[in-house]
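Visitor: structure here, sequence nowhere to be found:
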């Protein structure tokens, strides 16, 4: 059961991680609070702290490549050139080394990769269209099945109506997504709570596909970087 000791441990873990600039994004995405029933995958997860609970996007047997790439994005360790440059301690004088290898237009980072690079535009358009479709569908009243209460295997099946006016945070709308700053849109794509787990699951599927398909384009550049610097960054077969 959730208690004061667990709360303190959870808070200390979150505070410690938030002090590491590389994990700032991960701290914002992950839900650290006790898990409510409508967010549980099984009875045993009820009231379990976020730091002790396996997130559902990891339980995906169909998109293991996308799952790994998404995890690297969430932890801000996807080997884009901004990350490689910092790890290899490149000088900022040779600025072009930091540029995206696909377009060579600007510095390579997660924001550029997800929202700006012209070389991945067709996959990006499909991703955003499907995210908006998932958010539109979530606005139609529907039900989420709840797991049984703890230690009550004989309880009747219960449902939660969604969208629900008292939910916190409220359900994200398509227009709300468009109005978000780019940094917050990235958090949504990488799994931040938007108020409807069905919409989140659909977005998760499309993001994994986007990552799998676009990371294939970078294989020659990742291979070259691995060979030159003795790295072992993740590759996806073309």
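Guide: All right, it came through fine. Computed from a predicted model, the values in this text were never measured in an experiment. Residues are numbered from 1 along each chain as shown.
Visitor: tell me where the protein has helices.
Guide: Counting by DSSP state H, the chain has these helices, from start to end: 4-18, 24-29, 64-74, 81-88, 110-115, 121-138, 174-179, 182-189, 197-217, 219-229.
Visitor: can you redo the ones you listed as a markdown table with distance to residue 150?
Guide: Placement of C-beta: from N, CA and C, glycine included. Formatted as a markdown table, the helices of the chain follow (distance: least, C-beta to C-beta, whole Å):
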| stretch | distance to residue 150 |
| --- | --- |
| helix 4-18 | 15 |
| helix 24-29 | 27 |
| helix 64-74 | 29 |
| helix 81-88 | 42 |
| helix 110-115 | 38 |
| helix 121-138 | 28 |
| helix 174-179 | 34 |
| helix 182-189 | 31 |
| helix 197-217 | 19 |
| helix 219-229 | 46 |
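Visitor: out of these, the one nearest residue 159 is which?
Guide: Residue 159 sits nearest to helix 197-217 of all those, at 12.6 Å, using C-beta to C-beta.
Visitor: about what we covered before: lowest mean pLDDT across the helices of the chain, which one is that?
Guide: Note on the helices of the chain: helix 4-18 shows the lowest mean pLDDT, a mean of 53.
Visitor: circling back: for the helices of the chain, which one sits closest to residue 54?
Guide: Using C-beta to C-beta and comparing these, the one that lies nearest residue 54 is helix 64-74, at 12.0 Å.
Visitor: now do that closest one: which elements does it pack against?
Guide: Applying 3 or more C-beta pairs under 8 Å, 6 or more residues apart in numbering; DSSP states H and E, we find helix 64-74 packed against helix 24-29, helix 197-217.
Visitor: could you tell me the angle between it and helix 182-189?
Guide: Angle of helix 64-74 versus helix 182-189, following axes from the mean of the first three to the mean of the last three C-alpha atoms, to 10 degrees, is 140 degrees.
Visitor: residue 30: neighbour count?
Guide: Residue 30: 20 surrounding residues under other C-beta atoms under 10 Å.
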